[in-house]
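Trainee: Need a 3D model of the sequence below.
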Amino acid sequence: MSNPPPVYPPILRSHRIEGEARISLVVSEEGSTQDVECVEANDRRFGDAAVEAVKKWRFVPAMWQGKPVAISMQVPIVFTLDGKSSATAPLNRVVTSPPTAELTALALTGDPQRDYQTLQRLHASQPPPEYGRGSDAYFSWLQQRSRKRHDLGLEYLERYPTDARRWEIVLTLQYGRNQRVQVLRDGTKQLVPEAAERAAWDRKFYRWLEELVAARDASQRARTDALRQLIEHGAFRVFRGEPDTEPALPGKVVDWMERYERENPSSSVLASLYRTVATMLNAIEPPRGTRFLQEKRAAHAKEDVADVMLRQRLDRYLRYMTGQEQPVDELRRQLQALEPTLADASFYRGKVVLIASLAVDWGSRTMELEELYRKYHDAGLEIVQIAYYNANRSAPPEQRDKAAMQRFVAAKQWPWRVVWDPKDSPDESFAQHWGQNTIPAMFLIGRDGRIAPERIGKLTLDARIADELSRSSP
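Mentor: Purely as a prediction, here's the structure:
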């Protein structure tokens, strides 16, 4: 294995700041690294530096029954000023994921340290490679792991009610006990919590998180994770518009946000959490969210790398939100630059336009576009797809061949407009310019020529389109 250490961010070294980043990755059968992402970092610059280093690593492949296999793993990388920065990763790894029988037999022993380690290993474990990703055996194993993790986790909380590590165990119980297999439009599968149990479990789990953030014995990492989940879940509950949502919840979300930024001023997810809160506030009473982002931007006025990067992201979010308050001529000019025929004003007049940024070979999403177009086109919906091909070197060759992807689109003969972003990548793209963090990203231009805001109770894209089409033209 070759694992060159990461470059210590100069600005952090000059301020004598030490830190740690946890990196998730996939090690391929050949030993190369793929899907490298920062899971957690006390400063996003440590995360960025660690990701760049890990992308260059090479491993001795993991083995299963004498054959190399791809595995997922996480690596902690510590940055210290004494020059002893460490990047912990195994030289060789034999996959020992427990088969179903061993999974079922796992039990607590009465030793809190040993039981904590057992639960953490269980939480990180993956199905044995012999099951085959996506097979019935694969999902059955995941369902059994979910039940076992839940049952043993609750037993741990009951056995060791004063053990400080209990808060780490609470965080592993987010999705409840029972999960079902959901089949998507394109035939792919995923596990989702059982709907009948989810509401009751959510109430219990998020009460625990509120206790966690107030607990003196909770670790900084646990408190940070809990605050993030409380902010995201609280904002989502407001969006759902359920009758039993307490009136004080929006204020609690803002309070959690303020505590999160006090305790994690350099967090890599700070900007996206600001956006979550701002979107919630705008849905309640525009333009409260816009003012919130403007205040946060002003508060990050330093010229160091962290604040400059955060302001850039907030500027994109503000561009998106101010586009909800006035017609977005800039957006139309950008679309025209990508495709001259989109300069025709009649294409927009009195219409609802869905801007969909996604890879053209994303089956479930393009199937969703087909369904929405059939359902709403006659009522006034138009779709513009901003297309990308997959430039990631870990993607199959046919997905990295732009000409092949263009032939793929031509053969599909979709009835909506498909235009290629000249950036050829979601990074620094059209979507990112308009405050969309990830691909796929979809937003609407309403009949009034403004970006349609997120509205309380309108959670799905289908519901948002129907709502915008019900609104009269100006």
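
Trainee: For Q436, which non-adjacent residue is closest in space?
Mentor: Leaving aside its chain neighbours, Q436 sits nearest to S357 (6.4 Å; criterion: CB to CB, 6 or more residues apart in numbering). Where C-beta positions appear, they are placed from N, C-alpha and C, glycine not excepted.

Trainee: Sticking with that neighbour, tell me its helix or strand.
Mentor: Using DSSP states H and E, S357 sits in strand 352-359.

Trainee: Look up how far Q326 lies from L293.
Mentor: Note on L293: its distance to Q326, by CB to CB, to the nearest Å, is 16 Å.

Trainee: who has more neighbours, those two?
Mentor: L293 (26 against 11; other CB atoms under 10 Å).

Trainee: Is the more buried one part of a helix or strand, or is it coil?
Mentor: When classified by DSSP: H, G, I helix; E, B strand; the rest coil, L293 comes out as helix.

Trainee: For it, list the residues it contacts.
Mentor: Applying CB atoms under 8 Å, 6 or more residues apart in numbering to L293 gives the contacts Y274, R275, A278, L314, Y317, L318, M321.

Trainee: Most neighbours out of these, which is it?
Mentor: Result: A278 is most packed of the contacts of L293 (other CB under 10 Å), 27 neighbours.

Trainee: can I assume that residue sits in a strand?
Mentor: No. In this structure, A278 is helix, not part of a strand, as judged by three-state DSSP.

Trainee: which residues sit in contact with it?
Mentor: Counting by CB under 8 Å, 6+ apart, A278 makes contact with G289, T290, F292, L293, Y317, M321.

Trainee: now, which of the residues you listed sits nearest Q190?
Mentor: The shortest approach to Q190 among these belongs to Y317, at 28.5 Å (CB to CB).

Trainee: so where's the stretch 251-400 of the chain uncertain?
Mentor: Low-confidence segments of the stretch 251-400 of the chain (pLDDT under 70): 389-400.

Trainee: which residue ranges form the strands in it?
Mentor: With DSSP state E, counting those that start in this stretch, the ranges of strands along the stretch 251-400 of the chain come out as 352-359, 381-388.

Trainee: The last one pairs with which strands, and in what direction?
Mentor: To tie it back to what came earlier, the one meant is strand 381-388. The pairing partners recorded for strand 381-388 under DSSP bridges are strand 352-359 (parallel), strand 417-420 (parallel).

Trainee: got the CA coordinates for the last one in CSV?
Mentor: To tie it back to what came earlier, the one meant is strand 417-420. In CSV, the C-alpha atoms belonging to strand 417-420 read as follows (Å, rounded to 0.1, in the frame of the first residue of the first chain):
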residue,chain,number,x,y,z
ARG,A,417,-35.2,20.2,-24.2
VAL,A,418,-31.8,18.6,-23.3
VAL,A,419,-28.8,20.9,-23.3
TRP,A,420,-25.2,20.1,-22.2
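
Trainee: Please list the outside residues in contact with it.
Mentor: When contacts are defined by CB under 8 Å, 6+ apart, strand 417-420 is touched by residues 335, 338-339, 341-342, 360, 382-388, 402, 406, 409.

Trainee: Among the contacts of L293, which one sits closest to S429?
Mentor: For the contacts of L293, the minimum distance to S429 (CB to CB) is 15.2 Å, reached by Y317.

Trainee: how deep is S357 tucked in, by neighbour count?
Mentor: By other CB under 10 Å, the residues close to S357 number 23.

Trainee: Against which helices or strands is the longest helix seen in the chain packed?
Mentor: Ranked by residue count under DSSP state H, the longest helix found in the chain is helix 136-159. Contact here means 3 or more CB pairs under 8 Å, 6 or more residues apart in numbering; DSSP states H and E; on that basis helix 136-159 packs against helix 100-105, helix 112-124, helix 166-171, strand 179-183, strand 189-193.

Trainee: Tell me the buried residues in the fourth one?
Mentor: Looking back up the chat, that one is strand 179-183. Neighbour counts over strand 179-183 (16 or more other CB atoms under 10 Å) mark Q179 as buried.

Trainee: Run through the neighbouring helices and strands of that strand.
Mentor: Strand 179-183 is packed against helix 136-159, strand 189-193, with contacts defined by 3+ CB pairs under 8 Å, 6+ apart.

Trainee: Mind listing the strands the last one pairs with, and their directions?
Mentor: Based on DSSP bridges, the strands next to strand 189-193 in the sheet, each with its direction, are strand 179-183 (antiparallel).

Trainee: Can you check what angle separates the partner strand from helix 136-159?
Mentor: Computed by axes from the mean of the first three to the mean of the last three CA atoms, to 10 degrees, the angle separating strand 179-183 from helix 136-159 equals 150 degrees.

Trainee: Contacts for strand 179-183 next, please.
Mentor: With CB under 8 Å, 6+ apart, strand 179-183 has contacts from F139, L142, Q143, S146, K189, Q190, L191, V192, P193, E194.

Trainee: repeat for stretch 226-234
Mentor: 167, 171, 174, 202, 206, 209-210, 212-213, 218, 249-250, 252-253, 256-257, 259-260, 263, 269, 273, 276-277.

Trainee: of the residues you listed, buried ones?
Mentor: Of the contacts of stretch 226-234, these count as buried by 16+ other CB under 10 Å: 167, 171, 174, 202, 206, 209, 212-213, 218, 250, 253, 256-257, 260, 269, 273, 276-277.
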